[in-house]
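J.: Here is the input, now give the coordinates:
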Amino acid sequence: MECEIKAQSCEGTELQRKRLILLCAFVPLRLNLKVQRMVRKVRMSKLRIIWKKSAIGYAKDQKRAVKALGFHSLNDVVEHNDSPQIRGMIRKVRHLVEVEEIN
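T.: Okay, the predicted model is just below:
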């Protein structure tokens, strides 16, 4: 049931949705890593991140996160695929950036 909801909400071809439903039917809920990866590949939304506040006076790890996100100057805009790694960097500097989800 849960996989059918995921399949209906994901954006992709009809064949990808059918494969997702079939894969869910044969894999226990705790072992559905392949299903999670497939949903992530089908969905693959993007994030638009805007650097709004300077990192001067903040910890070095936060400055490194700003650089790792690809910013060069204040009010710079970058787009990244939505992933746990990018979300973690954004969480680290959430007081310095604005985030928009792009579909």
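J.: all helices of the protein, in order?
T.: Secondary structure of the chain by DSSP state H: the helices cover 2-9, 14-26, 33-43, 60-68, 84-92.
J.: shouldn't Glu101 be in contact with Glu79?
T.: No: using C-beta atoms under 8 Å, Glu101 is not in contact with Glu79; the gap is 10.8 Å. C-beta: built from backbone N, CA, C; applies to glycine.
J.: Now for the two: what residues contact both?
T.: By C-beta atoms under 8 Å, 6 or more residues apart in numbering, Glu101 and Glu79 have these common neighbours: 46-48.
J.: Now which of those would you call buried?
T.: Leu47 (16 or more other C-beta atoms under 10 Å).
J.: Now the shared contacts of Glu101 and Glu79 in TSV, please, with extra columns for pLDDT and distance to Ser54.
T.: Shown next, in TSV, are those (pLDDT from 0 to 100; distance: C-beta to C-beta, whole Å):
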residue	pLDDT	distance to Ser54
Lys46	91	25
Leu47	93	21
Arg48	96	20
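J.: Export the shared contacts of Glu101 and Glu79 as JSON lines, with columns for distance to Glu14.
T.: Output for the shared contacts of Glu101 and Glu79, formatted as JSON lines (distance: C-beta to C-beta, whole Å):
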{"residue": "Lys46", "distance to Glu14": "23"}
{"residue": "Leu47", "distance to Glu14": "27"}
{"residue": "Arg48", "distance to Glu14": "29"}
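J.: Of the shared contacts of Glu101 and Glu79, which is the nearest to Met89?
T.: Using C-beta to C-beta, Leu47 comes nearest to Met89 of the shared contacts of Glu101 and Glu79, at 10.6 Å.
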